[in-house]
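K.L.:
Provided below for reference: sequence and predicted model.
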Amino acid sequence: MSAILVKEYGGVEKLEEGPLPFSVDAPIAAGYALVEIKVAGLNFIDVYYRTGLYKKPQLPYVTCDEGSGVILKLGESSSSTSSLLRVGDRVAFFRGSSGAAATHALVKLEDLYPIPSEMSFQDAAAVLLQGATAHYLTRSSYAVKRGDVVLVQAAAGGTGLLISQICHTLGAIVIGTCSSEDKAKIARSVGKADHVVNYTSNENWAAEVKSIAAPYGGVAVVYDGVGKSTFLQGLTTLKPRGHMITFGNASGPVDPISPLLLTQHGSLTLQRPTLKDYSAAGGEIEERVRELFGWIASGDIVLTSSNAVFPLSDVRSAFAALEGRQTTGKVVLTTTP
Ligand code: NDP
């Protein structure tokens, strides 16, 4: 019974195996379940927390907020929805837990999602956070329409592949960016990107994107999870009244800009959204997950958790690979060898 703890902010060396921060033999509090973790999902936000770019309420904490597993014990349930859960159920979660990179986690009942019978623990630990994010970005931050040209930065990454597939399903023309030919192949084959541009080998990548988009009427929306290194050039690709949605900092946080820049590039809108604001009480996330699982069941979305699987004990390598741009699709950590 162990967990991967971060005791102080810093590099991958700050990830250390240690004891669980609770006893699995203690009674479970009302509204919680004890979950035996099968797979933890690693997301870029776990890097921001470990480095201290984003702060956790307290140190030490157990890394990774997303995971899947089996309910071992239930606390007293307080709502009719959560009372549908039973000991032995296969469940996944992306928030509301004591930390997923562990053998066990305490998870709020309201944050547990039953895993469809045909879905593996690995896919279940891969889909919720990035899938709900890709859903709100393409359905709510900007509602993608048939015929729109969308630019997806880091299109071979976990979130990028999901955004691309959803945009393709919604009838958009997808232009993806990435850093290598191997990643470009995945962006095309899995992400169904219509065009892929390498933004590391071509320093004029934005001009290339613009010329690809021109015959279709220009880029309507940019989805940018890369941040500092792509933001300014990304603005130049947009058509007048286009939408810049900057939703992450993989290369570092975006530098401050003057609103006048949005005028210079054609009355653009700028948004910096986060998932928690697109997860309103009353079932918003459940509705997103329902549509997402529908696309997975119909084959419109293919999950990619098998591209980067690491044992929990090798958590430092998993983080290093994600931060070192060596991964495609979702990165997961398994508790069983
Ligand atoms: P990814 O799997 O997309 O990995 C990040 C990718 O970013 C890399 O593979 C790499 O692709 C690209 N990248 C470009 N520059 C760098 C750099 N200097 N260092 C590292 N990577 C770089 O990660 P996720 O899918 O987990 O997350 C993608 C983004 O989405 C992150 O910024 C994350 O914070 C954000 N996010 C935001 C949410 C929100 O609600 N706001 C929710 C979920 C995720 P390449 O090699 O092709 O350049």
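P.N.:
Everything's here; your move.
K.L.:
tell me who's in contact with the residue nearest to the spatial centre of the chain.
P.N.:
Centrality entry for the chain: nearest residue to the mean C-alpha point is residue 130, 2.7 Å, by CA atoms, centre = their mean. Residues near residue 130 by CB atoms under 8 Å, 6 or more residues apart in numbering: 43, 158, 159, 162, 330. Glycine gets a C-beta too; all of them are placed from N, C-alpha and C.
K.L.:
residue 92 now?
P.N.:
So residue 92 contacts 66, 67, 68, 112, 113, 115, 124, 125, 127, 128 (CB under 8 Å, 6+ apart).
K.L.:
beta partners for the second one?
P.N.:
Put plainly, it is residue 67. residue 40, residue 93 (DSSP bridges).
K.L.:
helices of the protein, residue ranges please.
P.N.:
Listed in chain order, the helices of the chain (DSSP state H) span 44-51, 121-136, 158-169, 181-189, 205-213, 231-237, 260-264, 284-298, 315-323.
K.L.:
among those, which is the most enclosed?
P.N.:
Compared across the helices of the chain, helix 158-169 shows the largest average neighbour count, a mean of 27 (mean count of other CB atoms under 10 Å).
K.L.:
need the helices of the chain in JSON lines with distance to residue 306 and mean pLDDT, can you?
P.N.:
Shown next, in JSON lines, are those (distance: least, CB to CB, whole Å; pLDDT from 0 to 100):
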{"stretch": "helix 44-51", "distance to residue 306": "19", "mean pLDDT": "98"}
{"stretch": "helix 121-136", "distance to residue 306": "7", "mean pLDDT": "98"}
{"stretch": "helix 158-169", "distance to residue 306": "12", "mean pLDDT": "98"}
{"stretch": "helix 181-189", "distance to residue 306": "12", "mean pLDDT": "98"}
{"stretch": "helix 205-213", "distance to residue 306": "29", "mean pLDDT": "98"}
{"stretch": "helix 231-237", "distance to residue 306": "30", "mean pLDDT": "98"}
{"stretch": "helix 260-264", "distance to residue 306": "41", "mean pLDDT": "98"}
{"stretch": "helix 284-298", "distance to residue 306": "15", "mean pLDDT": "96"}
{"stretch": "helix 315-323", "distance to residue 306": "14", "mean pLDDT": "98"}
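K.L.:
does stretch 159-172 reach the ligand?
P.N.:
Yes. Interface with the ligand: stretch 159-172 contributes 159, 160 (CB under 6 Å from any ligand atom).
K.L.:
residues contacting that stretch, please?
P.N.:
Against stretch 159-172 from outside (CB under 8 Å, 6+ apart): 130-131, 133-135, 137-139, 144-150, 152-155, 174, 176, 178, 186-187, 190-194, 223, 225, 248, 295, 300-302, 304, 328-329.
K.L.:
in PyMOL, select just the buried ones from those residues.
P.N.:
Listed next is the PyMOL selection for buried residues among the contacts of stretch 159-172, using 16 or more other CB atoms under 10 Å:
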select buried, resi 130+131+133+134+135+137+138+139+144+148+149+150+152+153+154+155+174+176+178+186+187+190+191+192+193+194+223+225+248+295+301+302+304+328+329
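K.L.:
quick revisit: and residue 12, which of the helices of the chain is closest to it?
P.N.:
Of all these, helix 315-323 sits nearest to residue 12, with 4.3 Å by CB to CB.
K.L.:
residue numbers of the stretch 201-337 of the chain in contact with the ligand?
P.N.:
225-226, 229, 247-251, 273-275, 322-323, 325, 327.
K.L.:
so where's the stretch 1-150 of the chain uncertain?
P.N.:
In the predicted model of the stretch 1-150 of the chain, residues 77-83 satisfy pLDDT under 70.
K.L.:
run the last query once more with 80
P.N.:
Scanning the stretch 1-150 of the chain for pLDDT under 80 picks out 76-83.
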